[in-house]
Structure formats: C-alpha cells, structure tokens
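A.B. asks: Build me a structure from this.
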Amino acid sequence: MKSHIFEMFYTGKTTVADSHRSLGLGLALCHSIIEAHNGTLILTDHAPHGCNFIFTLPLSEVTLNE
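C.D. replies: Below is the predicted model:
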C-alpha cells in the first residue's frame, strides 16, 4: 500500500469499523500542497503497526505590505 498511498482516490483494501469509506483525497491533497510549497511529505513505518507521516517546509520570512 505504501507505494500508492499518495495517489488520488486510492483507499487501500482495509475495511473501516464504522462502515464509512473515504474518497482517497486527503493524503493526495496534502502531498500536492506541501510539494507546491517546496516541501516534502514522507511515510515511515511505525512498529508493530501503523505509520508516521513527516512533512517539512522550507523556512522563509514573510514581508507584509500594509
């Protein structure tokens, strides 16, 4: 599943306890937004089960024109 996790509309093969399925858009949108800001989104394993999502964004200064 990890190789497809950031693909749009990918939902995997697991069943959901409350019988609600997602559309598979959340992680794809997060990935696109972070990359649009020159950042990275990484998926790592979390033993014994689960995963971690780590994102980085470049540090920059914001200038306000008031």
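A.B. asks: now the helices for this protein?
C.D. replies: Secondary structure of the chain (DSSP state H): helices at 26-36.
A.B. asks: Flag the shaky bits of it, pLDDT-wise.
C.D. replies: Filtered on pLDDT under 70, the chain yields the residue ranges 1-4, 8-24.
A.B. asks: distance of E7 from H37?
C.D. replies: 20 Å (CB to CB, to the nearest Å). (Each C-beta comes from the backbone N, C-alpha and C, glycine too.)
A.B. asks: Any figure for the gap between the residue nearest to L57 when sequence neighbours are not counted and E7?
C.D. replies: Of all residues not flanking L57 in the chain, G39 sits nearest, at 4.0 Å (CB to CB, 6 or more residues apart in numbering). Distance, G39 to E7, using CB to CB: 19 Å.
A.B. asks: ok, so what distance separates the residue lying closest to H31 once chain neighbours are set aside from N65?
C.D. replies: Leaving aside its chain neighbours, H31 sits nearest to F6 (4.3 Å; criterion: CB to CB, 6+ apart). From F6 across to N65, the span is 35 Å (CB to CB).
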